[in-house]
Each structure stands twice: as C-alpha cells, then as structure tokens.
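kindly return the folded structure for what I paste below:
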Amino acid sequence: MSRGRVRVSIPVFAECDPSIIYGVFDTLWGAGRIWDGVKGGTPDGLFEPRLVGAEPGQITLVTGVSIMPQDVADHVASTDIVFVPNVIVTAKTGTAGLDRRLIAWIRKMHEAGAQMYGSCGGSLVLAEAGLLNGCEATTHWVYEPVFRKHFPEVKLRMDRVLVQNGPGHNLVCGGGASSWQDLALLIVAKYGGTEEAIRISKLFLYQWHREGQLPFASMVQNVDHGDGVITRCQDYIAQNYQRQDLIAALVHHSGLPKRSFDRRFRAATGYSPLAYVQTLRIEEAKQLLETTETGIEDICREVGYEDVASFRRLFRKQAGVSPKDYRRKFQLPDYVTGSRPPTSDKPMRPRRAAGG
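Sure thing, here's the model as predicted:
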C-alpha cells in the first residue's frame, strides 16, 4: 500500500448482495486513478479498498455468488473507513443471524476511530453493533418496519437518503439500495475534493438522490398480524378506497366501537385508519401516474379526493415530489415502451404490496 491512501474496509456478510460490494469497491478504487491527467490524480489512486471476511476462504452470498475477501477481520487492527454494504434480512429474524464476529469487529473499528458508513440494510448492521443508539438514521424504506421493531431507540428519518451523526460526521447512513452511490461520492468529496467527486459521478453516471427516497417508497401492508377483524377491514379498504365515507363504513364493517377499532387497527397495521387509507390512495395514484396518461385531476377523483389542491399537498408530503414530477421520474421512456402508455378509462384495482 502506498502511503497516504485512505484505507476502506468493506465487511462481507453472507447476507450481502454483491452489487453494492463491487460497486463501492470499483468506485473507490477508481477515484484519483482512472481519469488520466486530472488535477490531483495519482497512479495509486486515493483509496485502498479491501474486502474483509470473518474467516479465511470463500464466502457464498445470499444470491449464490461466491466472493473471496482479501482480509480476515482479526488481522485488521485498524482502518480509516468501514463501509458496510447492504444485508438482506427478513422481518422475523432481523439481524439475529448476522456473523457476530464481524459485528464485534465493526464495533472495535469504531472505537478505534474509523469512519463508519452503512448503505441500505447496512444501517441495520450499525444499529446491531450498538452505534446508532439515540442517533438519527435512515435505511431502505422496505426495512422501516424491521428497523422500528428491533431498534426502537434509533430515530429513523425515512425522508432522507443520507443521515450523518457523530463528531466530524463520522457515522453516516444511506437509505435506498442505490444510495451507496451517494455515500461513495461523499467519501470521494471528503478525501479527494468536490472536483474529483464530480468527475467520478460523470464517469460512472451517478446522480445524487436529492429528492430523498420518499418518491421510491411503496406501502408495505402488514397482513400477518393475526387480527382477523382488521384483515377483513384491510380487504374492505382495498375494494372501496374511493368512498368518501370510508372511515365510518370501516367502523361499521368491523362491528367495533370507534375507539376500540382505532386502537386495534393501529396495533395491527402500524397506521391509524385515516393514515392507512391516505397512504393506500396515494399508492394507487402513483400507479396511475406510472402506467397511464390520465390527467392529475381525474386521478385525484379516481382515488377518492374531490379537492385537487389538497390531493397535491398530500401527494407531495408522502412522495416527496409533486404528481407531475413523479410521473416524469417513473413513467417508462418511449424507447422502452415503443409508444406512450394507454390512457386509463376506469379506476385501477389496488395492488397488494409485497408481503401483503
């Protein structure tokens, strides 16, 4: 290793998916190296990325891809940066199955002064290591229920793509799956300057996720809660979400007193009845914006709202962007579809979210 290069250790769990591991490695390896003749560039680059395993030998990742770490955690006494890539975990197990040796090593490196970066599910690893207690953090939107269940002491900021904590912002979490790009560019900017970060973003076609991750989030419906009354109410909402008197109809459909219904619905789903209905309606509006050319005023009425201004405010609050900008961001381009998507003549049936 050349003196002056920043050491970046990337711990490899069996639960990791390879795209982030290799993406971070290649980006940091290339910083200051592959743009010939740039100001400040060096033949050796700015960083020395290394893959770290819990033990010697090949690791088979959750996707079936095999990877050979370069270092063993017990042999790495110090490092400048620990970059924790995504881990794929389930709602039931959370982080319980992760290799405890790597968790302990991450904690040790933090205590020794290493900068900590967690991308996507990697922030769950930082929380499991006890580094986020009482701090703000973010994670992939699909992991929000897992995070809140297992780490209630962490203050989640799901509207943010990056959250920085600690002295000198030495503890950084990234949200959605591609937020590793934001983290990598942040590291390049911090150690190589903004010009090099811009060069890397141009070279790899990376973009900062300036809108946060709310535009990318989808409603994950909890239907495995075991409350049959509330499950029937969720089915009723899915079939009748356009009704103006939906909340009152739900209470009647449940056969429960209003206060009992509200309490049981929140306990089962994590939402108040009104918030659940609003979120589902916005999800259906997103679907129409993604797949049709239906006008925004018509979409507003189709999902159960009469006041377009109120609909736009609620949409922006939940999605982070206006309906117009959302359509521009997520509707497939012509070169993919071959033509513009068809105009919808009738409301679309609600989709069941993953896991529901």
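
Gln278 and Gln318 touch, don't they?
Yes - if you go by C-beta atoms under 8 Å, Gln278 and Gln318 touch, sitting 7.4 Å apart. The way it works is simple: take the backbone N, C-alpha and C, and place the C-beta from them, glycine included.

what is the one helix or strand Leu288 maps to packed up against?
Secondary structure assignment for Leu288, by DSSP states H and E: helix 273-291. When contacts are defined as 3 or more C-beta pairs under 8 Å, 6 or more residues apart in numbering; DSSP states H and E, helix 273-291 sits against helix 228-240, helix 246-254, helix 258-269, helix 296-302, helix 308-319, helix 323-330.

how big is the angle separating the second one from helix 258-269?
Between the direction of helix 246-254 and that of helix 258-269, the angle (axes from the mean of the first three to the mean of the last three C-alpha atoms, to 10 degrees) works out to 90 degrees.

ok, and for helix 246-254, which residues are buried?
246-247, 250-251, 253-254 (16 or more other C-beta atoms under 10 Å).

for the first one, same thing?
Within helix 228-240, the residues that count as buried by 16+ other C-beta under 10 Å are 230-231, 233-234, 236-238, 240.

what's the answer for the shortest one, then?
Of the residues in helix 296-302, 296, 299-300, 302 count as buried by neighbour count, 16+ other C-beta under 10 Å.

with respect to Ser66, which of those is nearest?
Distance to Ser66, by C-beta to C-beta, is smallest for Ile299 among the buried residues of helix 296-302, at 46.9 Å.

against Glu306, how distant is that closest one?
13 Å (C-beta to C-beta, to the nearest Å).

I'd say His253 and Thr231 touch.
No - using C-beta under 8 Å, His253 is not in contact with Thr231; the gap is 11.9 Å.

got the buried residues of helix 246-254 as JSON lines, with distance to Leu126 and pLDDT columns?
As requested, the buried residues of helix 246-254 are exported to JSON lines (distance: C-beta to C-beta, whole Å; pLDDT from 0 to 100):
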{"residue": "Leu246", "distance to Leu126": "40", "pLDDT": "89"}
{"residue": "Ile247", "distance to Leu126": "39", "pLDDT": "90"}
{"residue": "Leu250", "distance to Leu126": "39", "pLDDT": "91"}
{"residue": "Val251", "distance to Leu126": "42", "pLDDT": "91"}
{"residue": "His253", "distance to Leu126": "43", "pLDDT": "88"}
{"residue": "Ser254", "distance to Leu126": "40", "pLDDT": "91"}
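
reformat these as TSV; add distance to Ala104.
Listed next are the buried residues of helix 246-254 as TSV, based on distance: C-beta to C-beta, whole Å:
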residue	distance to Ala104
Leu246	50
Ile247	49
Leu250	48
Val251	51
His253	51
Ser254	48
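
state the pair within the residues you listed that is farthest apart.
Leu246 and Ser254 (12.3 Å).

which SS state does Ala77 fall under?
Here Ala77 is coil, with the state taken from DSSP: H, G, I helix; E, B strand; the rest coil.

burial of it, as a residue count?
If you count neighbours by other C-beta atoms under 10 Å, Ala77 ends up with 8.

where does pLDDT dip in the stretch 201-350 of the chain?
The stretch 201-350 of the chain contains residues with pLDDT under 70 at 208-224, 332-350.

any idea how far the strand or helix carrying Ala197 is from the chain center?
Assigned by DSSP H and E, Ala197 belongs to helix 194-204. Taking C-alpha atoms, centre = their mean, to the nearest Å, one finds the center of helix 194-204 at 23 Å from the center of the full chain.

nothing else from me, thank you.
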